[in-house]
Structures are given as structure tokens and as C-alpha cells.
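> predicted structure and sequence below. I'll ask about it afterward.
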Amino acid sequence: MPWRNGRCLIWDVTCPDTLAASYLDKAVSGPGVVATEAETRKRHKYSTVDNSMYIFQPIAIETLGAFGSSAIAFFNDLGHRMRAVSQDTRAGMFLMQRLSVAMQRGNAACILGTIADDNISTEFFV
């Protein structure tokens with residue numbers, strides 16, 4: 001199904017860890033800096049995609065929740081499209097809420113995955 005101008009959409013999502021030592025020097029510059037850099041790397045990786053047939057969309061969301069500039073533009077566009085189809089002015093907001101919850105669950109799973117089973121407190125599961 002064409003996304004725009006008869007071309008299909010290809011997307012690649014990444015979630016760079018802003019707390020990783022390799023990103024700290026960039027992460028302190030502000031929210032979204034690491035994600036925007038990750039989107040640039042994705043564009044380079046997919047530079048051989050035929051632009052006459054496909055639109056490549058990199059999406060980077062930092063582990064602490066900041067979106068890359070390309071992801072912000074994409075989700076704004078997607079929200080507008082969802083509102084136009086559904087006639088619900090809240091459609092874009094609902095999408096962002098679902099993404100936020102999914103990210104929180106993913107972060108919680110990552111944190112719990114670093115704790116040895118015998119150290120997990122029952123407080124987490126009450």
C-alpha cells in the first residue's frame with residue numbers, strides 16, 4: 001500500500017540507550033540528540049534503497065523517551081492520517097500514549113533482566 005506519491009514505506013526502529021557510556025557525551029547535549037544521531041546512521045545504512053519506489057523512515061526513540069527529529073515528524077504525520085480516517089481528534093494522542101506505555105514496559109523488562117532471580121524482591125510483583 002503506497003504511503004506517499006505512490007511509494008511504499010520502509011521503516012526501521014531503534015532504541016539507543018542514552019545511559020550507555022558510548023552515548024553519554026552526546027546525551028548531555030539535550031533530549032533527542034542520541035536518537036537523531038541514530039536516525040542518521042539508519043539513513044546511511046539504507047542509502048541504497050531505491051528512492052523512486054520506497055520511502056525510508058528511520059525511527060529512533062531513546063530509552064528515556066526522547067524521540068529523534070525524524071520520528072517526531074513521522075508520528076505527527078501518522079497522527080494526522082489517523083485523525084483524518086477515524087474522525088477522532090484524539091487518535092494521534094492515543095497512539096503516543098500507547099507508544100509511551102510500550103516503552104515503559106520495555107524499560108521495566110530490561111531493568112528486571114539485569115537483576116539476578118534470587119535478588120528480585122516480591123515488592124515488584126505485589
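Received, thanks.

> gap between the residue nearest to the spatial centre of the chain and Tyr46?
The residue lying closest to the centre of the chain (Cα atoms, centre = their mean) is Ile61, at 3.4 Å. Separation of Ile61 from Tyr46 (Cβ to Cβ, to the nearest Å): 18 Å. (Glycine included, C-beta is placed from N, CA and C.)

> and the residue nearest to the centre of the chain, bridged to which residues?
Ile61 has these beta-bridge partners by DSSP bridges: Phe67.

> straight-line length of stretch 14-24, end to end?
17 Å (Cα to Cα, to the nearest Å).

> next, the buried residues of the helix or strand containing Ala71.
Here Ala71, judged by DSSP states H and E, is contained in helix 69-86. For helix 69-86, the neighbour count (16 or more other Cβ atoms under 10 Å) marks Ser70, Ala71, Ile72, Phe74, Phe75, Leu78, Gly79, Met82, Arg83 as buried.

> so can I have a markdown table of those showing distance to Thr18 and pLDDT?
Formatted as a markdown table, those follow (distance: Cβ to Cβ, whole Å; pLDDT from 0 to 100):
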| residue | distance to Thr18 | pLDDT |
| --- | --- | --- |
| Ser70 | 17 | 96 |
| Ala71 | 14 | 95 |
| Ile72 | 16 | 94 |
| Phe74 | 20 | 95 |
| Phe75 | 19 | 94 |
| Leu78 | 24 | 94 |
| Gly79 | 24 | 93 |
| Met82 | 28 | 94 |
| Arg83 | 31 | 93 |
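
> from these, which is closest to Ala102?
Ala102 lies nearest to Phe75 out of those, by Cβ to Cβ, at 13.0 Å.

> how far away is that closest one from Phe56?
16 Å.

> quick one: distance of stretch 31-41 to the chain centre.
Its chain's average C-alpha position is 10 Å from that of stretch 31-41, according to Cα atoms, centre = their mean, to the nearest Å.
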